[in-house]
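Visitor: A predicted structure for the sequence below; I have some questions about it.
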There are 2 protein chains.
Amino acid sequence: MTDQQPRPTLRRREGRLSAKTIAELTSALAARFGDSLVTSQAVREQHGQTLTWLENAPPDAVVFAQSREDVIDAVRICAAHDAPIVPFGAGTSLEDHVNAIYGGVSLDCARMDRVLAVHAEDLDCVVEPGVIHKTLNEYLRDSGLFFPIDPGAEATIGGMAATRASGTNAVRYGTMKDNVISLGVVTADGACLRTASRAKKSSAGYDLTRLFVGSEGTLGIIVEATLRLAGLPEAIAGGRCSFPSVRAACDATVQTIQSGLPIARIELLDALQVKACNAYSKLDLPEAPMLFVEFHGSKASVAEQARLFGDIAGDHAGGSFVWATKPEERTRLWQARYDALWAATGLRPGARVFATDVCVPISRLADCVEETQRDIAEHDLVAPIVGHVGDGNFHVHPLVDMNDPAEIARAEGFSARLARRAIAMEGTCTGEHGVGRRKIPYVEEEHSPETVDLMRRVKTAFDPMNLFNPGKIFRE
Amino acid sequence: MTDQQPRPTLRRREGRLSAKTIAELTSALAARFGDSLVTSQAVREQHGQTLTWLENAPPDAVVFAQSREDVIDAVRICAAHDAPIVPFGAGTSLEDHVNAIYGGVSLDCARMDRVLAVHAEDLDCVVEPGVIHKTLNEYLRDSGLFFPIDPGAEATIGGMAATRASGTNAVRYGTMKDNVISLGVVTADGACLRTASRAKKSSAGYDLTRLFVGSEGTLGIIVEATLRLAGLPEAIAGGRCSFPSVRAACDATVQTIQSGLPIARIELLDALQVKACNAYSKLDLPEAPMLFVEFHGSKASVAEQARLFGDIAGDHAGGSFVWATKPEERTRLWQARYDALWAATGLRPGARVFATDVCVPISRLADCVEETQRDIAEHDLVAPIVGHVGDGNFHVHPLVDMNDPAEIARAEGFSARLARRAIAMEGTCTGEHGVGRRKIPYVEEEHSPETVDLMRRVKTAFDPMNLFNPGKIFRE
């Protein structure tokens, strides 16, 4: 529907930096950062991608920032040498966000790990980007508040904001998009600014906060985050229930969500995943699709939610619904879900998990999971499924022998079909992991070239030299 | 903290179009749109600002679009004549968003009013921009779902998205930011694209949806919106309670929010506003600060919420808490709140309400309201207060004789002090009305010039000719 206009120009980088540039860059950085500049191969490789099967692309140098002034100076020095800057948190990204594919500097913000303020009355806090979400929750323990986003990994707040992370309790509490009030960012010209006030809502211009959330380090460096907190619920109940089919479990999920039941978590494990959990955790759960649920609220509300969910599960041929409120019993009930990823690995020792992350409108969830299971069977993969099904988001984890290129190719083919299946169902190729480089082709299929062009326009406007994490999210 | 770099260049328009350009433009539009092009003075003025005391700036022509193809062609014709395009919905904006300050075309999308799809299982629907939120809720009545954002006025979905509207039940359901899943937009080059898939969450690149929400027509024309719906609660309870002071009412609000009680609405009326309501609706409410509340949930949950709120109100010296669940009783209880704006006008017949719209962190709410009341008294204004206090958002409504320039100036002085007071308390000069032109100076104070420069960069990248609603949100 568009005119034949030229694509917005995003500066394309031509390979890694020259030895001369690297020498000048590291010399300038050393003068400013001393011991906080590290160029050893081990540390550089540790700052390339380590959690996926993708090739490690180490930066030329790592700067350990301890303050926003460090970030500003690192950005200015890199800009002066036209060197890429890749922000780094805990390195738990499941796409290749932290790979320095054109070299340059990995800007490690993990040491910027102070909680700067807790405003208990306002249900918010201000933190540096290197704070780990679990550490924040330990810090908040006596305040009656908690930060609800839990992506599973011990990720930093900066990284979680940059990838628009979510996780198991997003169905009730939302994603990072919903829980970041404001960000402090350092832009390509070395300016340090805040995206918004601390007001809970605002109509004061463009939503720059949401623009930086999910920008994967391509628009600026996050140096501060104001986060929304939730009140610790008075009571928590956990439960689980088996279903005769994935479809029955999905239908129960749809009805739960549609009934307005404010469920905090609702997680699906398919039969293979349950089998893996039985083996790993020495359980004897029925090897059928299973929903794990959690309810937050007052004691009375939690009891009522559990009862209502039990009724819904019963309507969909769910087996006996087991639930518990005491912490140790809840943990025992949920153990299989907690251990799911480790248990999956146990299905095929020596193999590695290949992460996938589609999300579809919940009405298509059963279709998408069933088609995917047929695909898994047809292609002879070992691939358990876990899903944040209240949001329509699920992960298939093919177990792949990373020494066998044919097997890797088979897994990649599966991953591509999965992404396209989700897109065809009006869903997304990534619900919470982000794009990195590997999903670029699917993002363009998902959004249309015109939409991706608007993203390129934003990138070019904010970072004309293409300094920040070049080569990620879209083609250059 | 920034380098002395030049501000990003946003093309500045030099006054209204010439008579020659207007003639050529209207001729081209007439050839394409026939009777859907209107140039009568009455219709043009009706499409300038009518709801504020700001001077009416009519467009040179009005195009009534009936389809996205109409919008695309209108944009292309305007672009070819370098004519501004100001999107128009119901004209209920309280800033001067729809004023065509440089002339050009008002693109009226009110006739694009079809509900295109309701996906009940997914809790979403797809609508054209001219759908009124109340009409949508009538359409949805039998589905068990509703669209929760209610800004008070009979606004269109397109306009509500463009101003990031919210209203009384944002405290539970969020604002337009939280309830728009995806938008269809026509960009300055005449492309029509969608900002996101229909998935409930996604990490697939920049959040263009949130970038268009709140962009006040400056980045593109909204031609479609996919909206998140909520399940109609099984039970609703309404209530009200008087407090000895604004501070006590605010403290009760803070405790309610902090306790995690999922209150659907919590509205403050100050003593003057209650007095106005008594006079207007022939009530005999105690003329003291009052909270109006509403609870949504199951019958048991609503009863529990009401009990918990009653306890909290009691802790803060709240008078007897009256509540009701039957629709007609709830309506009677809430009548004073519904009538607040009309009642305010009755305080000073012939005067007009001057809209204000600050939002502060809730911990500063009592301070902000109290300081504002002192300001009102010192400057001898008649200015009742209503607030969406669960979000820290409140409106002061000075009643101004619009024939008295000195009085208008006094109200403007008050409005400026109010905006700056909120900003000094880490809040915003606009919680839900938007910026338009009048609040531009405060937006720059609120955000810092560097932050506003990033907004300008986005604008320039998306709309280099400055076609879309020029002169709004920031200085050119």
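Guide: Good, I have the coordinates. Numbering: from 1, shown residues only, chains lettered A, B, ... in the order given.
Visitor: any idea how far apart the tips of stretch A:150-158 sit?
Guide: 13 Å (Cα to Cα, to the nearest Å).
Visitor: so residue A:68 makes contact with residue A:192?
Guide: Yes - taking Cβ atoms under 8 Å as the definition, residue A:68 is a contact partner of residue A:192 at 5.7 Å. For the C-beta atoms, the positions are set from N, CA and C on the backbone; glycine is no exception.
Visitor: anything in contact with each of those two?
Guide: By the contact definition Cβ atoms under 8 Å, 6 or more residues apart in numbering or on different chains, residue A:68 and residue A:192 are jointly contacted by A:184, A:186, A:223.
Visitor: which parts of the stretch 251-400 of chain A sit against chain B?
Guide: A:254, A:257-260, A:262, A:297-298, A:300-301, A:304, A:308, A:357, A:359-363, A:391-393 (Cβ under 8 Å from any Cβ of the partner chain).
Visitor: closest to chain B out of the shared contacts of residue A:68 and residue A:192?
Guide: Chain B lies nearest to residue A:186 out of the shared contacts of residue A:68 and residue A:192, by Cβ to the nearest Cβ, at 8.9 Å.
Visitor: for the closest one, phi and psi?
Guide: phi -100, psi 130 (degrees, to the nearest 10).
Visitor: that one and residue A:69, how far apart?
Guide: When distance is defined by Cβ to Cβ, to the nearest Å, residue A:186 is 10 Å away from residue A:69.
Visitor: one more: residue A:114?
Guide: 14 Å.
Visitor: ok, residue A:30 next?
Guide: Residue A:30 is 17 Å from residue A:69, by Cβ to Cβ.
Visitor: residue A:243 against residue A:314, yeah?
Guide: No - contact criterion Cβ under 8 Å: residue A:243 and residue A:314 do not qualify, at 10.9 Å.
Visitor: contacts only, for residue A:229.
Guide: A:118, A:123-125, A:140, A:143, A:145-148 are the contacts of residue A:229 under Cβ under 8 Å, 6+ apart.
Visitor: ok, of those residues, which one's closest to chain B?
Guide: Checking the contacts of residue A:229 against chain B by Cβ to the nearest Cβ gives residue A:123 as the nearest, at 6.4 Å.
Visitor: what sits closest to that closest one if chain neighbours are left out?
Guide: Leaving out its chain neighbours, the residue that sits closest to residue A:123 by Cβ to Cβ, 6 or more residues apart in numbering or on different chains is residue A:229, at 4.7 Å.
Visitor: next, the one you found: phi, psi?
Guide: Torsion angles, degrees, to the nearest 10, at residue A:229: phi -110, psi 160.
Visitor: what do you get for residue A:464?
Guide: Dihedral angles (degrees, to the nearest 10) for residue A:464: phi -60, psi -30.
Visitor: can you get me a residue count around it?
Guide: By other Cβ atoms under 10 Å in any protein chain shown, the residues close to residue A:464 number 14.
Visitor: three-state assignment of the residue lying closest to it once chain neighbours are set aside?
Guide: Spatial nearest neighbour of residue A:464, excluding adjacent residues (Cβ to Cβ, 6+ apart): residue A:11 at 6.8 Å. Look at residue A:11: counting by DSSP: H, G, I helix; E, B strand; the rest coil, its state is coil.
Visitor: any figure for the gap between residue A:11 and chain B?
Guide: 14 Å (Cβ to the nearest Cβ, to the nearest Å).
Visitor: can you pull the contacts of that residue?
Guide: Counting by Cβ under 8 Å, 6+ apart, residue A:11 has contacts A:460, A:464-466, A:476.
Visitor: do residue A:293 as well
Guide: Contacts of residue A:293 (Cβ under 8 Å, 6+ apart): A:238-241, A:263, A:265-267, A:309, A:323.
Visitor: and it, that's in a strand?
Guide: Yes - the assignment for residue A:293 (three-state DSSP) places it in a strand.
Visitor: look up how far residue A:327 lies from it.
Guide: From residue A:293 to residue A:327 the distance is 16 Å (Cβ to Cβ).
Visitor: one more: residue A:170?
Guide: Applying Cβ to Cβ to residue A:170 and residue A:327 gives a distance of 22 Å.
Visitor: who has more neighbours out of the two?
Guide: Of the pair residue A:170 and residue A:327, residue A:170 is the one with more neighbours under other Cβ under 10 Å, namely 28 against 10.
Visitor: need the pLDDT of the more buried one.
Guide: pLDDT, residue A:170: 95.
Visitor: close enough to count as contact, residue A:452 and residue A:458?
Guide: No - using Cβ under 8 Å, residue A:452 is not in contact with residue A:458, being 10.7 Å away.
Visitor: do a quick rundown of the strands in the stretch 301-450 of chain A.
Guide: With DSSP state E, counting those that start in this stretch as the criterion, the stretch 301-450 of chain A has strands at A:322-324, A:352-353, A:358-359, A:385-388, A:393-396, A:399-400.
Visitor: quick one, what contacts residue A:167?
Guide: Contacts of residue A:167 (Cβ under 8 Å, 6+ apart): A:149-152, A:388, A:432.
Visitor: so it: helix, strand or coil?
Guide: Residue A:167 ends up coil, using three-state DSSP.
Visitor: pull the helix ranked longest in chain A out as CSV, backbone CA atoms only.
Guide: If you go by DSSP state H, chain A has its longest helix at helix A:405-424. Once non-C-alpha atoms are left out, helix A:405-424 reads as follows in CSV (Å, rounded to 0.1, in the frame of the first residue of the first chain):
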residue,chain,number,x,y,z
PRO,A,405,25.3,-29.7,12.1
ALA,A,406,22.4,-31.6,10.5
GLU,A,407,20.6,-31.8,13.8
ILE,A,408,21.1,-28.1,14.4
ALA,A,409,19.7,-27.4,11.0
ARG,A,410,16.7,-29.5,11.7
ALA,A,411,16.1,-27.6,14.9
GLU,A,412,16.5,-24.3,13.1
GLY,A,413,14.0,-25.5,10.5
PHE,A,414,11.6,-26.4,13.3
SER,A,415,12.1,-23.0,15.0
ALA,A,416,11.4,-21.2,11.7
ARG,A,417,8.2,-23.1,11.1
LEU,A,418,7.1,-22.4,14.7
ALA,A,419,7.7,-18.7,14.3
ARG,A,420,5.7,-18.6,11.1
ARG,A,421,2.9,-20.7,12.5
ALA,A,422,2.5,-18.2,15.4
ILE,A,423,2.7,-15.3,12.9
ALA,A,424,0.0,-16.9,10.7
